[in-house]
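Colleague: sequence plus predicted model, see below.
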Amino acid sequence: MDPMNRGPEEYGHDHGGDDHEGSARPQRPRDPLTPDFGQPAPALARTVQLVSGDFLLTVNPVDGSEIEPCPPGERPERPAKRTAADRAELRRAAMPPVPPGPALPRLPLLERQEERERLVRLLARGRSVRLTGPAGSGRTALLNAVADDCAELAPDGVIRLCGYRKTPGELLHDLCAAVYDAPHYRPERALLLELVHDIGAVVVLDDLEFGGAGLDELLDATPECAFLLATTPDVAAPSADAHLEEVSLGGLGRGGGLELLERVVGRVLDDEEANWAGDLWFESEGLPLRFVQAGALLRQRDQLLADPHAFEEYGYFADTPVDAPFDTDADAAPEIPLPSLADGAAPATLLAARLSPSARATLKFAVALGGELPHQAHLPALVGETHADAALAELVGCALVTPVGARYRLAAGVRTQLESAGYADDAAEHARTAARHYAWWAGHPSVTPERVAAEADAVQAALAALVAPESGAAVLLARTAAPAFAGGLHWGAWERALRSGQEAARNAGEVAEEAYFHHELGILALCGGQLDRARAELEASIGLRGALADKRGTISGRRALALVADRSGAAVPGGRTAAGEEVPDARHEESASPPGGVPAALTLPVPPPAEPDTLVTSRVTPAVGARSAPSRRSLISGTRRNLVAAGAGALLAAVLGTVVTLGATSDDDRPEGDRVKTEQSAREDRDGGGLSADEPGEGATSRPGGPGDDGVVGTADDPKPPASGGPSGGPGESGKPSGEPTGTPSGKPTDKPTDKPTGKPTDKPTDKPTDKPTDKPTDKPTDPPTTDEPTDPPTTDDPPPSDDPPTSPDTSPDTSPGTSDSASAS
């Protein structure tokens with residue numbers, strides 16, 4: 001059988017031969033090469049459903065996350081604890097990745113046996129310990145050794161956590177996730193505290209960055225755990241009430257430093273190298289990190305002694321010509337001096353200069369990202385070299401990077417040394433390249449949210465580096481990575497990415513993206529129980545999306561805002577339903593008044609049961625049945641249809657009020673002799689002393705009968721009105737014929753004339769008329785007299801009858817502001 005040309009027997013055919021014509025197996029039809037005319041099918045948006053407390057959260061990277069009350073059938077049960085095998089697998093996954101290539105030698109823990117035994121004894125008694133040491137003192141190596149010794153002390157084993165850029169709340173969630181199996185579930189605060197209260201484990205927490213009240217919160221929430229906290233001296237100290245044992249970690253002694261240096265180099269030091277190591281011990285204060293880096297310098301020196309061209313531009317990868325002449329002086333060892341003491345104390349620049357080009361490019365990316373080293377799987381794409389992932393082994397072997405949780409960072413002091421050597425010259429370009437790569441990678445459908453969450457620190461470093469100079473690239477990265485952080489339950493990184501993206505969107509002027517970030521921050525605050533903050537963020541998002549006419553986003557925001565209002569006990573602002581539909585204002589039976597108001601009209605007060613007649617007053621009151629006009633905001637908050645209806649109703653109310661008033665106060669069926677003219681109107685005094693017409697106003701004068709000979713009103717030749725007699729002391733002239741019968745103040749004729757206008761019907765006749773005739777009677781009532789100067793005289797022509805409300809001619813002038821305008825008001 002020809003391995004390059006398989007026969008038919010390999011496909012189940014029972015005939016032989018190499019001629020396959022006529023007996024070829026059926027071919028599967030080929031898929032069309034361009035089913036959509038060259039346009040690839042759009043990838044579906046990656047949505048993740050989570051349960052946060054009693055909310056069902058759907059992380060939607062397109063329009064924003066959707067939140068709703070979790071249905072009873074979808075709410076998870078109380079999480080169960082993981083088994084020992086599950087915890088071990090989770091602990092292995094949380095370790096930093098192993099560099100490719102040959103395994104690096106494991107260095108011993110020198111001069112730390114006393115501290116190691118003390119820590120194990122304290123943890124075995126259930127005491128929590130705070131281990132303090134400077135960067136590079138070997139805290140992480142000591143924690144690893146103690147964790148191995150305490151594996152069987154607690155029922156829930158040993159839990160390894162990293163406190164780098166973590167808050168107490170985030171650490172509590174990390175501790176809960178390490179012990180309990182609860183996928184896609186983030187318990188609320190009350191359940192979280194209940195779950196971590198039942199955890200009994202030795203918690204090894206490295207790189208802790210807080211103390212004081214935050215540390216008290218962490219310790220109080222986990223009374224059954226013994227903590228081993230590793231921190232630097234610059235972190236805040238714990239409070240006085242914290243029951244913590246303090247253990248300090250210093251540098252190595254001179255002998256320990258020399259032994260560690262020999263272990264790193266792999267040989268015994270000569271006298272010159274030993275003296276050099278002694279000076280280095282004094283300069284570095286015995287920090288183990290400095291001796292590991294110094295050992296890397298000595299290893300490079302050994303390679304140079306073996307091959308002077310080992311660290312040239314292309315190093316060992318340079319192609320040596322086959323016909324190169326033989327070096328006759330190869331046996332002569334080159335003179336390579338030891339590094340200077342300055343290079344030994346700050347060896348990063350010299351070490352980096354002797355690395356491969358891909359390793360140096362990786363260091364430039366790390367400097368641009370604030371010390372964060374991208375995962376080795378991203379190095380080939382970032383550097384542009386297929387085997388760039390091997391650079392991690394070089395960096396770890398030279399101690400230029402150190403493990404932090406499940407990743408690597410530049411070691412203490414390395415970033416500053418590299419920046420001084422020019423590694424930060426193209427930092428902006430490297431950060432832009434990393435941002436573009438992470439934006440593509442985080443949005444790829446094949447990448448799970450958990451993988452994106454594991455790379456959160458490098459993504460956030462790229463985002464922070466581009467917020468101000470490259471806002472557009474920062475917005476794209478935050479828009480892509482934030483939903484992945486939310487789906488991976490790394491909500492601390494989610495919040496930081498949202499805030500960075502919001503700032504970048506504001507700088508770039510991208511209103512739609514800014515509205516998205518406001519919406520997501522509101523959802524995050526609602527899940528955390530921060531209702532005021534959630535309301536502010538959601539209202540900002542709704543306002544921006546409303547300006548952009550984004551209906552779907554506005555509805556999503558209003559649904560979330562309805563949940564906020566439901567939790568806080570307040571009404572949904574804006575007059576809308578939970579789905580976002582506009583609700584019209586409540587309608588009343590009466591129509592609203594226009595903004596200018598309705599013209600005032602006289603009304604008919606309800607008379608007492610014992611009095612059949614009603615007194616017509618001049619007090620300006622609103623029409624019967626009218627209510628207070630609604631506010632301006634209620635008039636303009638409705639739709640155009642409501643405004644038209646309100647205007648029509650207002651006009652109808654004005655017309656009806658005028659008609660009712662005129663019909664109640666006018667009486668055209670009576671003869672003109674019995675009609676009461678509007679000379680003065682009567683009103684009751686506030687002190688109950690009767691009508692104002694009973695007594696004359698102080699200093700009141702009557703209207704002159706005519707303009708006089710000169711035809712000008714108000715001059716000396718005007719005729720004087722005669723004084724009127726009577727018990728009431730009314731005005732001397734009313735401008736009416738004396739023969740007319742008097743009327744009641746109510747404007748209705750009575751059977752018998754009255755003595756006094758008291759406002760009540762009477763059977764007694766009047767004793768004496770109160771008015772005297774003028775030169776010529778008129779039918780039109782004149783204005784009441786004023787107290788200061790005479791007003792216009794009455795007209796001499798007979799005008800048509802007026803519809804003004806009649807009043808008694810015997811009444812005295814009313815000095816109230818509404819008296820003289822009563823006729824015009826109607």
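Modeller: Structure received.
Colleague: could you use CA atoms for every contact and neighbour count after this?
Modeller: Noted.
Colleague: which residues does the residue nearest to residue 248 when sequence neighbours are not counted contact?
Modeller: Distances taken as CA to CA, 6 or more residues apart in numbering place residue 132 nearest to residue 248, at 4.9 Å, with adjacent residues excluded. Counting by CA atoms under 8 Å, 6 or more residues apart in numbering, residue 132 makes contact with 230, 231, 232, 233, 246, 247, 248, 249.
Colleague: now do the one helix or strand residue 474 maps to: which elements does it pack against?
Modeller: Per DSSP states H and E, residue 474 falls inside helix 471-487. Helices and strands touching helix 471-487, by 3 or more CA pairs under 8 Å, 6 or more residues apart in numbering; DSSP states H and E, are strand 48-52, strand 55-59, helix 427-442, helix 449-454, helix 456-466, helix 491-508.
Colleague: need the winner for burial among those.
Modeller: helix 456-466 (a mean of 24; mean count of other CA atoms under 10 Å).
Colleague: and the angle from the helix holding residue 474 to helix 491-508?
Modeller: Using axes from the mean of the first three to the mean of the last three CA atoms, to 10 degrees, the direction of helix 471-487 lies 160 degrees away from that of helix 491-508.
Colleague: which residues of the stretch 251-400 of the chain score low on pLDDT?
Modeller: Residue ranges of the stretch 251-400 of the chain with pLDDT under 70: 308-334.
Colleague: ok, now with 90
Modeller: 283-285, 302-338, 340-345 (pLDDT under 90).
Colleague: coming back round to it: same list (the helices and strands packed on helix 471-487) but as JSON lines, adding distance to residue 404 and mean pLDDT.
Modeller: Shown next, in JSON lines, are the helices and strands packed on helix 471-487 (distance: least, CA to CA, whole Å; pLDDT from 0 to 100):
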{"stretch": "strand 48-52", "distance to residue 404": "28", "mean pLDDT": "93"}
{"stretch": "strand 55-59", "distance to residue 404": "29", "mean pLDDT": "95"}
{"stretch": "helix 427-442", "distance to residue 404": "20", "mean pLDDT": "95"}
{"stretch": "helix 449-454", "distance to residue 404": "12", "mean pLDDT": "94"}
{"stretch": "helix 456-466", "distance to residue 404": "11", "mean pLDDT": "94"}
{"stretch": "helix 491-508", "distance to residue 404": "16", "mean pLDDT": "95"}
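Colleague: identify whichever of the ones you listed lies nearest to residue 551.
Modeller: Within these, the stretch nearest residue 551 is strand 55-59; the backing value is 18.6 Å (CA to CA).
Colleague: pull up the pairing partners for that closest one, direction included.
Modeller: strand 48-52 (antiparallel), strand 66-69 (antiparallel) (DSSP bridges).
Colleague: list the buried ones in the last one?
Modeller: Counting neighbours by 16 or more other CA atoms under 10 Å, one finds that the buried residues in strand 66-69 are 66, 67.
Colleague: contacting residues around that strand?
Modeller: Contacts for strand 66-69 (CA under 8 Å, 6+ apart): 54, 55, 56, 57, 58, 59, 60, 523, 556, 559, 560, 563.
Colleague: contacts for stretch 288-295?
Modeller: Contacts for stretch 288-295 (CA under 8 Å, 6+ apart): 136-138, 251-252, 257, 260-262, 264-265, 281, 284, 344-345, 347, 398-400.
Colleague: any low-confidence regions in the stretch 51-200 of the chain?
Modeller: 60-64, 72-75, 93-94, 97-98, 100-108.
Colleague: what segments of it are strands?
Modeller: 55-59, 66-69, 80-81, 128-132, 158-162, 180-181, 185-186 (DSSP state E, counting those that start in this stretch).
Colleague: pLDDT averaged over the lengthiest helix in the chain - what is it?
Modeller: Taking DSSP state H as the criterion, the chain has its longest helix at helix 640-665. Across helix 640-665, pLDDT averages out at 77.
Colleague: residues of that helix that come out buried?
Modeller: 642-643, 646-647, 649-651, 653-654, 657-658, 660-662, 665.
Colleague: quick one: which of the residues you listed is nearest residue 453?
Modeller: Looking across these and measuring by CA to CA, the closest to residue 453 is residue 642, at 52.2 Å.
Colleague: tell me how far the nearest residue to residue 369 once chain neighbours are set aside lies from residue 94.
Modeller: Nearest non-adjacent residue to residue 369, counting by CA to CA, 6+ apart: residue 461, 5.1 Å away. Separation of residue 461 from residue 94 (CA to CA, to the nearest Å): 21 Å.
Colleague: repeat for residue 390
Modeller: 21 Å.
Colleague: those two: which is more packed in?
Modeller: Neighbour tally, residue 390 and residue 94, criterion other CA atoms under 10 Å: the higher count belongs to residue 390, 19 against 16.
Colleague: if you skip the residues just before and after it, what's nearest to that one?
Modeller: Residue 390 sits nearest to residue 100 (CA to CA, 6+ apart), 5.8 Å away.
Colleague: same thing with residue 209?
Modeller: residue 235 (6.0 Å).
Colleague: wait, that neighbour sits on residue 212?
Modeller: No. Because the distance of 9.7 Å does not satisfy CA atoms under 8 Å, residue 235 is recorded as not touching residue 212.
Colleague: go through the strands paired with strand 55-59 and name the closest to residue 408.
Modeller: strand 48-52 (28.8 Å).
Colleague: using CSV, list the CA coordinates for the closest one.
Modeller: The C-alpha trace of strand 48-52 is given here as CSV (Å, rounded to 0.1, in the frame of the first residue of the first chain):
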residue,chain,number,x,y,z
VAL,A,48,-23.3,35.9,30.2
GLN,A,49,-26.1,35.4,32.7
LEU,A,50,-25.2,35.8,36.4
VAL,A,51,-27.1,35.7,39.6
SER,A,52,-26.1,38.5,42.0
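Colleague: ok, and what's touching it?
Modeller: 56-60, 70, 75-76, 184-188, 487, 527.
Colleague: go again using 10 Å as the cut-off
Modeller: With CA atoms under 10 Å, 6 or more residues apart in numbering as the test, strand 48-52 has contacts from 56-61, 65-70, 74-76, 183-189, 449, 483-484, 486-489, 524, 526-528.
Colleague: filter those residues to the buried ones?
Modeller: 56-61, 65-67, 70, 75-76, 185-189, 449, 483-484, 486-489, 524, 526-527.
Colleague: how is residue 269 assigned, secondary-structure-wise?
Modeller: coil (DSSP: H, G, I helix; E, B strand; the rest coil).
Colleague: against residue 299, how distant is it?
Modeller: 12 Å.
Colleague: want to throw the strands paired with strand 55-59 into CSV with distance to residue 545?
Modeller: Below are the strands paired with strand 55-59 laid out as CSV (distance: least, CA to CA, whole Å):
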stretch, distance to residue 545
strand 48-52, 24
strand 66-69, 16
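Colleague: which one of the ones you listed lies closest to residue 414?
Modeller: Comparing the strands paired with strand 55-59 by CA to CA, strand 48-52 comes nearest, at 39.5 Å.
Colleague: where do the helices of the stretch 301-450 of the chain begin and end?
Modeller: Along the stretch 301-450 of the chain, counting by DSSP state H, counting those that start in this stretch, helices occupy 341-345, 348-353, 357-368, 379, 391-397, 414-420, 427-442, 449-454.
Colleague: ugh, wrong one, I meant the stretch 1-150 of the chain
Modeller: Using DSSP H, counting those that start in this stretch, helices in the stretch 1-150 of the chain cover 84-93, 113-124, 139-149.
Colleague: mind listing what residue 465 touches?
Modeller: Counting by CA under 10 Å, 6+ apart, residue 465 has contacts 368, 369, 370, 427, 428, 430, 431, 432, 435, 471, 474.
Colleague: the same query, at a cut-off of 6 Å, please.
Modeller: Residues counted as contacts of residue 465 (CA atoms under 6 Å, 6 or more residues apart in numbering): none.
Colleague: ok, residue 92 next?
Modeller: Counting by CA under 6 Å, 6+ apart, residue 92 has no contacts.
Colleague: low-confidence ranges, the stretch 451-600 of the chain, go.
Modeller: 467-470, 567-600.
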